[in-house]
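Engineer: Below are the sequence and a predicted model; questions follow.
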4 protein chains.
Amino acid sequence: MDAGLIGLEHMGAGMARNILEAGHGLTVYNRTRGKAESLVNKGAHSAANLSEACRGEAVITMLADDHAVESVVYGDGGLLSSLRKGATHISCSTISVALSERLAADHAAVGQRFVAAPVFGRPDAAAAGKLFVVAAGAPDAIAAVQPIFDAVGQKTVVVSETPKAANLVKLSGNFLIASVIESLGEAMALVSKGGVDKQLYLEILTSTLFSAPVYKTYGALIANGNFEPAGFAAPLGQKDIRLTLAAAEELRVPLPLASLLRDRFLTLLATGGEKLDWSAIGQLAARDAGADAP
Amino acid sequence: MDAGLIGLEHMGAGMARNILEAGHGLTVYNRTRGKAESLVNKGAHSAANLSEACRGEAVITMLADDHAVESVVYGDGGLLSSLRKGATHISCSTISVALSERLAADHAAVGQRFVAAPVFGRPDAAAAGKLFVVAAGAPDAIAAVQPIFDAVGQKTVVVSETPKAANLVKLSGNFLIASVIESLGEAMALVSKGGVDKQLYLEILTSTLFSAPVYKTYGALIANGNFEPAGFAAPLGQKDIRLTLAAAEELRVPLPLASLLRDRFLTLLATGGEKLDWSAIGQLAARDAGADAP
Amino acid sequence: MDAGLIGLEHMGAGMARNILEAGHGLTVYNRTRGKAESLVNKGAHSAANLSEACRGEAVITMLADDHAVESVVYGDGGLLSSLRKGATHISCSTISVALSERLAADHAAVGQRFVAAPVFGRPDAAAAGKLFVVAAGAPDAIAAVQPIFDAVGQKTVVVSETPKAANLVKLSGNFLIASVIESLGEAMALVSKGGVDKQLYLEILTSTLFSAPVYKTYGALIANGNFEPAGFAAPLGQKDIRLTLAAAEELRVPLPLASLLRDRFLTLLATGGEKLDWSAIGQLAARDAGADAP
Amino acid sequence: MDAGLIGLEHMGAGMARNILEAGHGLTVYNRTRGKAESLVNKGAHSAANLSEACRGEAVITMLADDHAVESVVYGDGGLLSSLRKGATHISCSTISVALSERLAADHAAVGQRFVAAPVFGRPDAAAAGKLFVVAAGAPDAIAAVQPIFDAVGQKTVVVSETPKAANLVKLSGNFLIASVIESLGEAMALVSKGGVDKQLYLEILTSTLFSAPVYKTYGALIANGNFEPAGFAAPLGQKDIRLTLAAAEELRVPLPLASLLRDRFLTLLATGGEKLDWSAIGQLAARDAGADAP
């Protein structure tokens, strides 16, 4: 099929490459033009402006936040004015549930389709076409763009016919990761002040019940106090917890652990952690315990 | 070697069987006599009283709580009065850091050795000799009882020369499990009220970053609202969080997530959850959200 | 002086009466026309539309929330388009810090002045002209409208030259009240389950260190379980905590107690408390303790 | 009547003086002998040992903590062995609910009476005979020692026939004070980072709804960052929250705000606050917000 892709940072570039390799036609657009070059060498068309990226059957957005998505959708030459009737906006960004709901309504109002399809996986998984796609939207709209999902991911799970449900799942996943970080931070502060070596402790954990990648990855970052450069920066973590809490407030679901995480992120940002990896909230328990990290 | 084992509930019985199969001499004791029979058929000697179980080079205690351990150590004919000089008390129970410290001192005062060796693993791992032993104590004392650890576990990690450090690690592990339960409970309450099927959600989680056994096991219990019969009863979970907080208080380590778990367990026990599995704290977020479980 | 007043619910009507009695010219406007009648009898002019209420030197808004204020400021014939250059918008509503900042900028851009002047006090204090005015804005703007403050309040405190600071103070005050409610709710759940009579307990508290009105008022509501009709409804309390947390997030100030209150309000709203007084969060501790209220 | 009084620190000395002035016979005892001198000048008898202080109809204990009370009750020549049958132990110390329960049982077992009578008020109120006595115990036992209460206090409230209920009330009162400190700490961190002067802010609060002494006293300490010398030291605050939580656990009452306070006190003690006034937890919100105190 013939598609556009807007947003060529780490995740988007990897996805674009896999879409091209699957044999689809792809027009890419990035605010910063240079990002498109290597993709053009692989057969992509580089759009001079937003509307040029909206000429196919579908356009994917893979952007940093609500603001970036709003500007490409509602801005001059944006998706809302450029996408043809019946074409589909596939939103892969981690955005708010509220924006997802608004996009669904606004696209529908002009005869366009909207599918929310946030992905689980880091840039290496995007590069390898091994993302995990969580999709929600009208069944026929999802079916129409399934070839795109097949190109970028190892599996697609459809969670609802209402797009925003997929965004909720994505946010809740980041909440779960942050919960692991907090719990590891507290546990390590405790055993470490009790005289146990953190590396040895982590080895025990990951050899037993806590063998999941999330414990290995974040446990090592916390045990080593290795928060720079940031793989996922603290302000993005704070944003995702904020969006989780906003969605929960709308649904009236109290989330005390998410509230704790919110306060941790604010503490981190207020005390010099702006450029650290989000896992740096995992050192705050040790700081409060008067222990030097790491 | 020649050892005693006190406490033949689920965990202890499995451990006893593996010690016998490894060719060691074993004298077993349980307050309720019937428990010893099947072990006698496999070659164990059944002690008529505590002191009879204390005649070997080592005696293992695998009991429910501090109180039970205190009564067999300090009671009439207990370990402190019956164990020979140089023999070792191997404490495998999940007890408080404070009691572990006291046992170490009191055994030392009469020339006995003390090794704390709590284990990770459920009854099936105990039966299969696949426990994970976290040991702490004097190196020579640990070396002397290593054959016992080899018989019951797949791996032994020595975390410190101070016995109580092993108990701290064990408690922190249960804290981490309870943290997983709480985070899953909140996440499921959120996505479920947002219209996403809990089973499908759990499948997404455990197919991606959260592939560890602890997510599969507890996620299924929460998604199904399946809290009876209890694999590990709520009062035991509450006890372990209490002991974690007590150890943290002694070390002056604030643990806000453990405090949240404490309140969750008290709520569960105060509102009819006495006999439920400890994972039932994972339904409290849904209850507070006004959603019917499961 | 000659002023307008928009919003004639409990608080606004009392303020209008005192402004008239102080001898000022007053044009009142309310979406629902009937509210103005009794004030017209006392000398007020009843405006047929928003712009008619904006012809004087100042216009006061005393409305329910951000949305209501936004609609009278930015809507057709609203303050922004109707107020003359140099005239002052006095915002007495409990609104968000963010909206206050926006109003200050937008009024300034068209040559109008903006003073934030939220008030402490309930409808009876408004009726008696005994409000406590917390004002912020340019000193000359505040000086110009001081006669209005003198008419409605017993005291004016100027906290900053930046209007939004006054809104922050007001929100923090409601946070403090909600904190009192929560602390009383927990303390009463505790002593009551311990066999102490709640009324007697409250008498002890208010006879000693806790003699402030806020303890007497809210303590009695909680002790009696008397949450209907609502003096200040739960959704308004939830809104104010939300606005407090939003302001705190912008300033990067973690507020764990406010986070706890947020979760309490969401629990209350999710479990049938929509129409109760906001002090009904004070019964949630008892509910979690398995105790029947009151 | 003829009574003994054990414990002559700030509170005890003031109480002793008022008992003497009311015309009662009084034998005083303090571990450090010098404390008794000025009281002897006023007519007190100074006991050479504990048992000498136990010869009257009643003996008052006014000591620092559980440990101190246990040692004078259960130690050599202590109350349990020295007090005559029918005589009453009046416990005014802030002790645990569990110890109070144990004392009631143990005194009863040897035919002695036990009344718990913790007091509200600081040393100046003790010196002025203006304490507020919260008593619990058998009605006839309380009636018998009422003259003592009349001498030391301005009012006695009987809350239960079960002594420990009075200790619960006392602990809950300290929990409420600590809650005020935390809420003020958060509110001041917020408005201060928002540009509002803390002193001015405190004036607004205490002129309006928050006119109680507790807000004036602790608000000034926090606004000024004036935590030395300690009026009530941080470790004592931490102890009282610990005892509150222990009583709540026994009664199965989850107290999330008390849990937050627990973590605050541990943070304070772990980061150099050992000698500060307990109100220093009120600066932790500012610290987490990256703001310099005060």
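Structural biologist: That came through, no problem.
Engineer: Name the single longest strand found in chain A.
Structural biologist: strand A:153-160 (DSSP state E).
Engineer: any idea how far the residue in chain A sticking out farthest from the centre lies from B:Ala247?
Structural biologist: Distance from the C-alpha centroid of chain A peaks at A:Gly195, with 37.3 Å (C-alpha atoms, centre = their mean). Using C-beta to C-beta, to the nearest Å, we find A:Gly195 at a distance of 12 Å from B:Ala247. Where you see a C-beta, it was placed from the backbone N, CA and C, and this is true even at glycine.
Engineer: Need the pLDDT of A:Asp292.
Structural biologist: The confidence metric pLDDT takes the value 67 at A:Asp292.
Engineer: ugh, typo on my part, it should be A:Gly34
Structural biologist: 81.
Engineer: which residue sits closest to A:Asn226, ignoring its sequence neighbours?
Structural biologist: A:Ala220 (7.4 Å; C-beta to C-beta, 6 or more residues apart in numbering or on different chains).
Engineer: right, and the one you found touches A:Leu205 too?
Structural biologist: No: at 11.1 Å, A:Ala220 does not count as touching A:Leu205 under the criterion of C-beta atoms under 8 Å.
Engineer: the more surrounded of those two?
Structural biologist: A:Leu205 (23 against 15; other C-beta atoms under 10 Å in any protein chain shown).
Engineer: Against chain C, how distant is the more buried one?
Structural biologist: Distance of A:Leu205 to chain C, given as C-beta to the nearest C-beta, to the nearest Å: 27 Å.
Engineer: name the element that residue belongs to?
Structural biologist: helix A:198-207 (DSSP states H and E).
Engineer: Need the residues that contact the helix or strand following that helix.
Structural biologist: Sequence-wise, the next helix or strand downstream of helix A:198-207 (DSSP H and E) is helix A:213-224. For helix A:213-224, the external contacting residues (C-beta atoms under 8 Å, 6 or more residues apart in numbering or on different chains) are A:177, A:180-181, A:184-185, A:188, A:198-199, A:201-202, A:205-206, A:210, A:226-227, A:277, A:279, A:282-283, A:294, B:209-212.
Engineer: switch to 6 Å and redo it
Structural biologist: Helix A:213-224 is contacted from outside by A:177, A:180-181, A:184-185, A:188, A:198-199, A:202, A:206, A:279, A:282, A:294, B:209, using C-beta atoms under 6 Å, 6 or more residues apart in numbering or on different chains.
Engineer: what does chain A put close to chain D?
Structural biologist: Within chain A, the residues that sit near chain D (C-beta under 6 Å from any C-beta of the partner chain) are A:267, A:270-271, A:288-290.
Engineer: now, which of these sits nearest chain C?
Structural biologist: Within these, proximity to chain C (C-beta to the nearest C-beta) peaks at A:Ala270, which comes in at 4.0 Å.
Engineer: The closest one reaches D:Ala291, doesn't it?
Structural biologist: No: applying C-beta atoms under 6 Å as the test, A:Ala270 and D:Ala291 come out as separate, 8.0 Å apart.
Engineer: Wait, a strand at A:Ala135?
Structural biologist: Yes: counting by DSSP: H, G, I helix; E, B strand; the rest coil, A:Ala135 is part of a strand.
Engineer: What about A:Asn226, how many residues nearby?
Structural biologist: 14.
Engineer: Ramachandran coordinates for it?
Structural biologist: In terms of degrees, to the nearest 10, the main-chain angles of A:Asn226 are phi -100, psi 80.
Engineer: now do A:Leu50
Structural biologist: Note on A:Leu50: its backbone torsions stand at phi -60, psi -50 [degrees, to the nearest 10].
Engineer: can you check A:Ala13 too?
Structural biologist: According to degrees, to the nearest 10, A:Ala13 has phi -60, psi -40.
Engineer: For it, the count of nearby residues, please.
Structural biologist: For A:Ala13, using other C-beta under 10 Å, the count is 21.
Engineer: swap in the one 3 residues further on?
Structural biologist: Summarising burial for A:Ala16: neighbours were counted as other C-beta under 10 Å, giving 29.
Engineer: any idea which helix or strand comes after the helix or strand harbouring it?
Structural biologist: Taking DSSP H and E as the definition, one finds A:Ala16 inside helix A:10-21. Following helix A:10-21 in sequence order, the next helix or strand is strand A:25-29 (DSSP H and E).
Engineer: how about the very next helix or strand once past that next one: buried residues?
Structural biologist: Per DSSP H and E, the first helix or strand lying C-terminal to strand A:25-29 is helix A:37-41. By neighbour count with 16 or more other C-beta atoms under 10 Å in any protein chain shown, helix A:37-41 contains the buried residues A:Leu39.
Engineer: I'd say A:Leu266 and C:Glu250 touch.
Structural biologist: No: using C-beta under 6 Å, A:Leu266 makes no contact with C:Glu250, being 10.2 Å away.
Engineer: Would you convert the contacts of helix A:213-224 into CSV that also reports neighbour count?
Structural biologist: As requested, those are arranged in CSV below (neighbours: other C-beta atoms under 10 Å in any protein chain shown):
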residue, neighbour count
A:Ile177, 21
A:Val180, 25
A:Ile181, 27
A:Leu184, 28
A:Gly185, 26
A:Met188, 26
A:Lys198, 22
A:Gln199, 12
A:Leu202, 23
A:Thr206, 18
A:Ser279, 28
A:Gly282, 31
A:Pro294, 17
B:Leu209, 23
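Engineer: how far out from the middle of the chain is stretch A:274-292?
Structural biologist: Centroid separation between stretch A:274-292 and its chain, computed with C-alpha atoms, centre = their mean, to the nearest Å, is 23 Å.
Engineer: buried residues in that stretch?
Structural biologist: A:276-291.
Engineer: what does stretch A:83-100 give?
Structural biologist: In stretch A:83-100, counting by 16+ other C-beta under 10 Å, buried: A:83, A:87-97, A:99-100.
Engineer: And A:Leu266 and C:Glu250? Which one has more around it.
Structural biologist: A:Leu266 (26 against 16).
Engineer: does that one count as helix, strand or coil?
Structural biologist: helix.
Engineer: Name the nearest residue to it, ignoring sequence neighbours.
Structural biologist: C:Pro254 (4.1 Å).
Engineer: if I look at the one you found, how far off is A:Ala233?
Structural biologist: Taking C-beta to C-beta, one finds C:Pro254 at 18 Å from A:Ala233.
Engineer: Pick out whichever of the two has more residues nearby.
Structural biologist: C:Pro254 (29 against 18).
Engineer: Tell me who's in contact with the more buried one.
Structural biologist: Counting by C-beta under 6 Å, 6+ apart, C:Pro254 has contacts A:263, A:266-267, D:288.
Engineer: my read: A:Val152 touches A:Leu131, true?
Structural biologist: Yes: using C-beta under 6 Å, A:Val152 makes contact with A:Leu131 at a distance of 5.3 Å.
Engineer: Close to chain C: what parts of chain A are there?
Structural biologist: A:252, A:254, A:256, A:259, A:263, A:266-267, A:269-270.
Engineer: Of those - the most surrounded one?
Structural biologist: A:Pro254 (28 neighbours).
Engineer: ok but it is inside a helix, no?
Structural biologist: No: the assignment for A:Pro254, made by three-state DSSP, is coil rather than a helix.
Engineer: Could you check how far the helix or strand hosting A:Ala143 is from the centre of its chain?
Structural biologist: Using DSSP H and E, A:Ala143 falls within helix A:139-152. How far helix A:139-152 lies from its chain's middle: 19 Å, per C-alpha atoms, centre = their mean.
Engineer: Quick check: nearest residue in space to A:Ser179, chain neighbours excluded?
Structural biologist: B:Ser183 (3.7 Å).
Engineer: Could you identify the longest helix within chain A?
Structural biologist: helix A:164-193 (DSSP state H).
Engineer: ok, the closest residue to A:Leu209 other than its chain neighbours - how many residues close by?
Structural biologist: Leaving aside its chain neighbours, A:Leu209 sits nearest to B:Val214 (4.5 Å; criterion: C-beta to C-beta, 6+ apart). Look at B:Val214: counted by other C-beta under 10 Å, it has 20 neighbours.
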